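Asker: Provided below are the primary sequence and the corresponding predicted coordinates.
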Amino acid sequence: MALACPAGTKGPIMNLFSDIRALVIDSLAAMQAEGALPAGLDMTNVAVEPPRDAAHGDMATNAAMVLAKPAGQNPRAIAEALAAKLAADPRIVTAEVAGPGFLNLRLTPAAWQGVVAAALAAGRDFGRSAMGRGVKVNVEFVSANPTGPMHVGHTRGAVFGDALAALLDFAGHEVTREYYINDAGAQVDVLARSAYERYREANGLSPEIREGLYPGDYLIPVGEALKAKYGTSLLDRHEGDWLAEVREFATAEMMAMIRADLALLGVKMDVFSSERAITASGRVEEAIATLRGMDLIYEGMLEAPKGKLPDDWEEREQTLFRSTAHGDDVDRPVKKSDGSWTYFAPDIAYHWDKVKRGYDQLIDILGADHGGYVKRLKAVVSALSAGRVPLEVKLIQMVKLYKNGEPFKMSKRAGTFVTLRDVVEQAGADVTRFVMLTRKNDAALDFDFDKVLEQSKDNPVFYVQYAHARVCSVIRKAAEAGIAADDTTLARADFARLSHEAELALARKIAEWPRLVEIAARGQEPHRIAFYLYELASELHGLWNRGNEETGLRFVQDGNIPASQAKIALARATAVVISAGLGILGVTPAEEMR
RNA sequence: GGCCCCGUAGCUCAGGGGAUAGAGCGACCGCCUCCUAAGCGGUAGGUCACAGGUUCGAAUCCUGUCGGGGCCGCCA
């Protein structure tokens, strides 16, 4: 008696691990109904996972150990009873109790062959999850100041944010990618003054790049563009006459440059929000007034920070946000001594704006140097959403550059400013993205120019792309041998022929993909995708090489079309998962390596 | 002084309550008349910084210590 529809399976996009977990939970519920287990047990910690050691089986559950104490029973006794129930399922071959109460399961080859079929049927959608269905998430990232080109640090944030957004999308969330343009602070006035000097230069005058101005060459074309637009009409005028116009012009030029940089990396934003637009519309005052209405804004004194005191510290009364009411360590000023807003004030308005746009979750991706800023941002969102919207801040740790094995200091002044464009033009977007995503966001990243530029086997991206290219090569060979190997044909292959242990091992790895997507999305950890792809590629390379010795394991079987198609289907399913995974990382799957 | 991140093999790093802790690089030994050797198999290499605590069970959670990095009103 076959199960009409095994629990947890939704159409072709299956997750065998959650299916078997559902079976375990059902079996435990049956035991409760029979009185073998007490009612009302908390099952949330019951897990079904691949065991660390493959010798233990295909899957393992900790159910008996988790439930032993609340049920007041011996874990091994629970495991024995559960094993008897599970063994009745047609997908389960053996269920053995081991160690302190683990239950090790072995599944039928048909179960694993079914995964290959499901992967081919779903294509690149295999592994898509409904986990985030109905959840609107805003991912704000990059948000580099519009005062110059993006550098390597921005690059890591851009790549991480883009991949995280893609991952959440794959896990079913409704995702918005957003860039916050800091086009209202003092830094854009500095930009305007710097551009003005380049404008003077374009008009044949010698520029005065004073201390504190931006000296970069990238402003020279901006100066020329200003000359083209304004001729000599802005020369010898007071700053007040040209500042606003030049600021707007230069900011727009910088944003065009940043958009071009992002395009180079393959990053596309859905929304650009302007700090100036928010400020000009009076929303800062509105936000502060709202907080004041909640008694979260007050006039008061801050204690001097302990330890190293700023030279010009003086205690004085100022306008403060009571962020301590929402988890911060101290209250935070929203006004400077001259009465103008601090940087924080427009950020309050901006985050309120995001809350009002109806997101269920906000994610900010910031550089690690903004670590001291996290608690106050969370406090703002907590206060202005009445605790409804969680804000997650992902801090991106430093990128440490190495060249010739030596640490490489970046300095605008010394002209050793390494831009995103430098990196991408030399290493390529694929390598840059993969390397930067093969590390979790909260660990510092060593970026070794030699290794990245070398494009050698040290680069895991090539290893993964090579696996994909090998599959493409097999399919080309099959076509030459007159074997139909299009996806439609492969989807109807005789999967029961995939009976060799080495082939089933690859199918098991493919089966982990939907589970891994959910784990990575839940933890907001795109690096897990990169590591998984590496492991999956390794399985494929291993199987490939076994084909050298055991010709029966080669994908193309001379004179045996059904066998070839089954084996090619396995290879193709692997490639489909690699392609989907690389798609999340924003890396191109290679058709061939040249 | 306070806050955040990190400390796992010689090096670079995964794993973040579960069984005998993993991978790459480097070292050593093997594998191309055979679908791309940019690949594969194997050997060697560990006090999971340290000390307490919680737990049936801790590299993983909690507290503290040490070491490295980042940050701490009037920059953004």
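Answerer: Thanks, I have it.
Asker: quick one: the helices in the stretch 301-450 of chain A, in order.
Answerer: Counting by DSSP state H, counting those that start in this stretch, the stretch 301-450 of chain A has helices at residues A:344-356, A:374-384, A:420-427, A:429-437, A:449-454.
Asker: now the angle from the first one to helix A:374-384?
Answerer: Think helix A:344-356. 50 degrees (axes from the mean of the first three to the mean of the last three CA atoms, to 10 degrees).
Asker: returning to what we had before: next, format the helices of the stretch 301-450 of chain A as a markdown table and append distance to A:Glu96, mean neighbour count and mean pLDDT.
Answerer: The C-beta positions use only the backbone N, C-alpha and C, and glycine is treated the same way. Formatted as a markdown table, the helices of the stretch 301-450 of chain A follow (distance: least, CB to CB, whole Å; neighbours: other CB atoms under 10 Å; pLDDT from 0 to 100):
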| stretch | distance to A:Glu96 | mean neighbour count | mean pLDDT |
| --- | --- | --- | --- |
| helix A:344-356 | 52 | 22 | 97 |
| helix A:374-384 | 47 | 22 | 96 |
| helix A:420-427 | 49 | 19 | 88 |
| helix A:429-437 | 38 | 25 | 94 |
| helix A:449-454 | 45 | 16 | 74 |
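Asker: residues in the stretch 351-500 of chain A within reach of RNA strand B, list them.
Answerer: Residues of the stretch 351-500 of chain A that fall close to RNA strand B, judged by CB under 7 Å from any atom of the strand: A:368-375, A:395, A:397-398, A:438-440, A:442-446, A:455, A:457-458, A:460, A:462-463, A:466, A:469-470, A:472-474, A:477.
Asker: pull out the buried members of those.
Answerer: A:373-375, A:395, A:397-398, A:438-440, A:445, A:460, A:462-463, A:466, A:469-470, A:472-474, A:477 (16 or more other CB atoms under 10 Å).
Asker: who touches the residue nearest to the spatial centre of chain A in this structure?
Answerer: Central residue of chain A (CA atoms, centre = their mean): A:Leu164, 2.1 Å from the mean position. The neighbourhood of A:Leu164, defined by CB atoms under 8 Å, 6 or more residues apart in numbering, consists of A:139, A:141, A:363, A:365, A:394, A:524, A:526.
Asker: okay, the angle between the helix or strand hosting it and helix A:420-427?
Answerer: Assigned by DSSP states H and E, A:Leu164 belongs to helix A:152-170. Relative orientation of helix A:152-170 and helix A:420-427, computed by the same axes, to 10 degrees: 80 degrees.
Asker: angle of helix A:152-170 against helix A:429-437?
Answerer: Using the same axes, to 10 degrees: helix A:152-170 against helix A:429-437 is 90 degrees.
Asker: compute the inter-axis angle for whatever helix or strand comes next after helix A:152-170 and helix A:152-170.
Answerer: In the C-terminal direction, the helix or strand that comes right after helix A:152-170 (DSSP H and E) is strand A:174-181. Angle, strand A:174-181 to helix A:152-170, by the same axes, to 10 degrees: 160 degrees.
Asker: helices or strands next to strand A:174-181 in the packing?
Answerer: Secondary-structure packing of strand A:174-181 (3 or more CB pairs under 8 Å, 6 or more residues apart in numbering; DSSP states H and E): strand A:136-140, helix A:152-170, strand A:271-274, helix A:275-280.
Asker: so which of the ones you listed comes closest to A:Arg388?
Answerer: The minimum distance between A:Arg388 and the helices and strands packed on strand A:174-181 falls on strand A:136-140, with 12.3 Å, by CB to CB.
Asker: hmm, back to that, what's the angle from the helix holding A:Leu164 to strand A:136-140?
Answerer: 170 degrees.
Asker: may I have helix A:152-170 exported as PDB, CA atoms only?
Answerer: The C-alpha trace of helix A:152-170 is given here as PDB (Å, rounded to 0.1, in the frame of the first residue of the first chain):
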ATOM      1  CA  VAL A 152      37.100  46.900  -1.900                       C
ATOM      2  CA  GLY A 153      35.300  47.200   1.400                       C
ATOM      3  CA  HIS A 154      32.100  48.300  -0.300                       C
ATOM      4  CA  THR A 155      32.500  45.500  -2.700                       C
ATOM      5  CA  ARG A 156      32.200  42.900   0.000                       C
ATOM      6  CA  GLY A 157      29.100  44.500   1.400                       C
ATOM      7  CA  ALA A 158      27.600  44.700  -2.100                       C
ATOM      8  CA  VAL A 159      28.300  41.100  -2.900                       C
ATOM      9  CA  PHE A 160      27.000  39.900   0.500                       C
ATOM     10  CA  GLY A 161      23.900  42.000   0.400                       C
ATOM     11  CA  ASP A 162      23.100  40.900  -3.100                       C
ATOM     12  CA  ALA A 163      23.600  37.200  -2.400                       C
ATOM     13  CA  LEU A 164      21.600  37.400   0.900                       C
ATOM     14  CA  ALA A 165      18.800  39.000  -1.000                       C
ATOM     15  CA  ALA A 166      18.900  36.300  -3.600                       C
ATOM     16  CA  LEU A 167      19.000  33.600  -0.900                       C
ATOM     17  CA  LEU A 168      16.000  35.000   0.900                       C
ATOM     18  CA  ASP A 169      14.200  35.300  -2.400                       C
ATOM     19  CA  PHE A 170      15.000  31.600  -3.100                       C
END
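Asker: number of nearby residues for A:Ala47?
Answerer: A:Ala47 has 14 neighbours, counted by other CB atoms under 10 Å.
Asker: go on, A:Pro109?
Answerer: Around A:Pro109 there are 17 residues (other CB under 10 Å).
Asker: if I look at the residue in chain A sticking out farthest from the centre, how far off is A:Trp242?
Answerer: What lies farthest from the middle of chain A is A:Asp236; by CA atoms, centre = their mean that is 50.0 Å. Distance of A:Asp236 to A:Trp242, given as CB to CB, to the nearest Å: 10 Å.
Asker: thinking again about what came up before, tell me which of the buried ones among the residues of the stretch 351-500 of chain A next to RNA strand B fall in strands.
Answerer: Among these, the members found in strands (DSSP state E) are A:395, A:445.
Asker: quick one: pLDDT of the closest residue to RNA strand B within the stretch 351-500 of chain A?
Answerer: Residue of the stretch 351-500 of chain A nearest RNA strand B, by CB to the nearest atom of the strand: A:Gly372 (2.6 Å). Note for A:Gly372: predicted pLDDT of 91.
Asker: got the domain ranges for chain A?
Answerer: Using automatic domain parsing, the domains assigned to chain A come out as A:16-107, A:141-280+A:397-455, A:460-585.
Asker: closest to A:Val116 out of those domains?
Answerer: Per CB to CB, nearest to A:Val116 of the domains of chain A: domain A:460-585, 4.7 Å.
Asker: ok now the closest one, how far from the chain's centre?
Answerer: 24 Å (CA atoms, centre = their mean, to the nearest Å).
Asker: so how far does that domain reach from one end to the other?
Answerer: End-to-end distance of domain A:460-585 (CA to CA, to the nearest Å): 13 Å.
Asker: with stretch A:352-362 instead?
Answerer: End-to-end for stretch A:352-362, by CA to CA: 11 Å.
Asker: count the neighbours of A:Asn104 for me.
Answerer: 21.
Asker: who's in contact with it?
Answerer: Per CB under 8 Å, 6+ apart, neighbours of A:Asn104: A:51, A:56-57, A:59-60, A:94-98.
Asker: swap the cut-off to 7 Å and go again
Answerer: Applying CB atoms under 7 Å, 6 or more residues apart in numbering, we find A:Asn104 in contact with A:51, A:56-57, A:60, A:96, A:98.
Asker: tell me which helix or strand it sits in.
Answerer: Here A:Asn104 is assigned to strand A:102-107, by DSSP H and E.
Asker: buried ones in that strand?
Answerer: For strand A:102-107, using 16+ other CB under 10 Å, the buried residues are A:102-105, A:107.
Asker: tell me the strands beside that strand, with direction?
Answerer: strand A:59-61 (antiparallel), strand A:92-98 (antiparallel) (DSSP bridges).
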